[in-house]
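[1] compute the structure for the input listed below.
(chains A and B)
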Amino acid sequence: MLRESGVAFFSSLTLHSLAMAFVVGVNLALAFSLLGLIPSLLNKRFEPFFTLHWWAVGLIFVSGVALLIAYPAKALTNPVFYLKFTALSAGLLITRRLQRSMRCQIANHQPPPDDEPSNEAPTAFAMLACWVVTIGAGRFLAYTHSVLLASRYF
Amino acid sequence: MEQALLAFSHETGIFDFMHSPWGWPVVESLHFFGLSLLIGTVGVFDLRMLGLGSGIAYRHLHRLVPVGVFGYALNVVTGTMFLSSAPDQYLYNPAFQTKLGFMLLAGCNVLWFYTTCSTEVRATADFQAVRGRAKLIGAVSLLAWCAIIACGRLITYYRPPYHWCFWC
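    The predicted structure follows:
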């Protein structure tokens, strides 16, 4: 039904893109702050962006499941889908870890490193790599499937 | 127009690259990456102007704008590659035309920001809210970019031979 309803499929696709752009965008901003382009964003003032970020992650999950239900064989038989899923999970784990360390800093009353550019380049590059792979795999998914519908086997 | 774009695409080698197995998905990935750079820099700055993340210095977030400009330039280059490789798929496509309209709106909005309140916003204290005009500019920018993403997705749905364009 989702596959046949143009509006439902298009809405899922659009929401997936919007939420993905926001999540990747926030993570890129964090990565740039870790690279020292701007003072660190990892302080409690950034918490509202984290909240919005995790809501967008929820939207990615819901719309992603909807897209998967529409074309399950297309995604599940394609290794690129698993690559996207792995890179996305790794990217989100890094974000979660950063958020946790930020909360620990706040709980321990350590002053936020507001005016000091942070130097956490390896984490920043890992984040950038995860999100570049997630985006690339997401786009390649549309071009690399070998099976579109499982019904071809019946 | 269509012929001129195709000729440009052939002369520059863009056409051959785009019609190779890797061409379209690689350029689409770069296009989305450029868009994410824009959302992560301009979008975050817009949200800050709208009041999210009170205490984050406007001037610090504004330092990310050149990264957003790079993202925009990346999108212009990759967008031109799409357009010149298959002009018939875009020129008569109402979703593409609407997308261009929203890009124009976003562009005018940026000009409005830099000619009226950019200095004032950057000088605003960290915990102070910006004025109503700056908030309006932030809201217009966010809405325009969301609409641009939605129209970008819609392009696929209005591809020829099913011309849905009512005014072409």
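[2] residues from chain B in reach of chain A?
    Residues of chain B lying close to chain A (CB under 8 Å from any CB of the partner chain) are B:21, B:24-26, B:28-29, B:32-33, B:35-41, B:43-44, B:47, B:52-57, B:60-61, B:63-64, B:67, B:146, B:149-150, B:152-154, B:157. Any C-beta I mention is one placed from the backbone N, CA and C, and that applies to glycine too.
[3] what helix or strand is residue 81 located in?
    You didn't pick a chain, so chain A it is. Assigned by DSSP states H and E, residue A:81 belongs to helix A:79-107.
[4] ah, I was thinking of chain B
    Going by DSSP H and E, residue B:81 is part of helix B:65-85.
[5] alpha carbons of that helix, as PDB, please.
    What follows is helix B:65-85 as a C-alpha-only set of coordinates in PDB (Å, rounded to 0.1, in the frame of the first residue of the first chain):
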ATOM      1  CA  VAL B  65      29.100  30.600   7.200                       C
ATOM      2  CA  PRO B  66      32.100  30.200   4.800                       C
ATOM      3  CA  VAL B  67      31.700  26.500   5.200                       C
ATOM      4  CA  GLY B  68      28.000  26.900   4.200                       C
ATOM      5  CA  VAL B  69      29.100  29.000   1.200                       C
ATOM      6  CA  PHE B  70      31.400  26.100   0.200                       C
ATOM      7  CA  GLY B  71      28.400  23.700   0.500                       C
ATOM      8  CA  TYR B  72      26.300  26.100  -1.700                       C
ATOM      9  CA  ALA B  73      29.100  26.300  -4.300                       C
ATOM     10  CA  LEU B  74      29.400  22.500  -4.300                       C
ATOM     11  CA  ASN B  75      25.600  22.300  -4.900                       C
ATOM     12  CA  VAL B  76      25.800  24.800  -7.700                       C
ATOM     13  CA  VAL B  77      28.500  22.800  -9.500                       C
ATOM     14  CA  THR B  78      26.800  19.400  -8.900                       C
ATOM     15  CA  GLY B  79      23.400  20.800  -9.800                       C
ATOM     16  CA  THR B  80      24.800  22.200 -13.100                       C
ATOM     17  CA  MET B  81      26.200  18.700 -13.800                       C
ATOM     18  CA  PHE B  82      22.700  17.200 -13.400                       C
ATOM     19  CA  LEU B  83      21.000  19.900 -15.400                       C
ATOM     20  CA  SER B  84      23.500  19.800 -18.300                       C
ATOM     21  CA  SER B  85      23.500  16.000 -18.500                       C
END
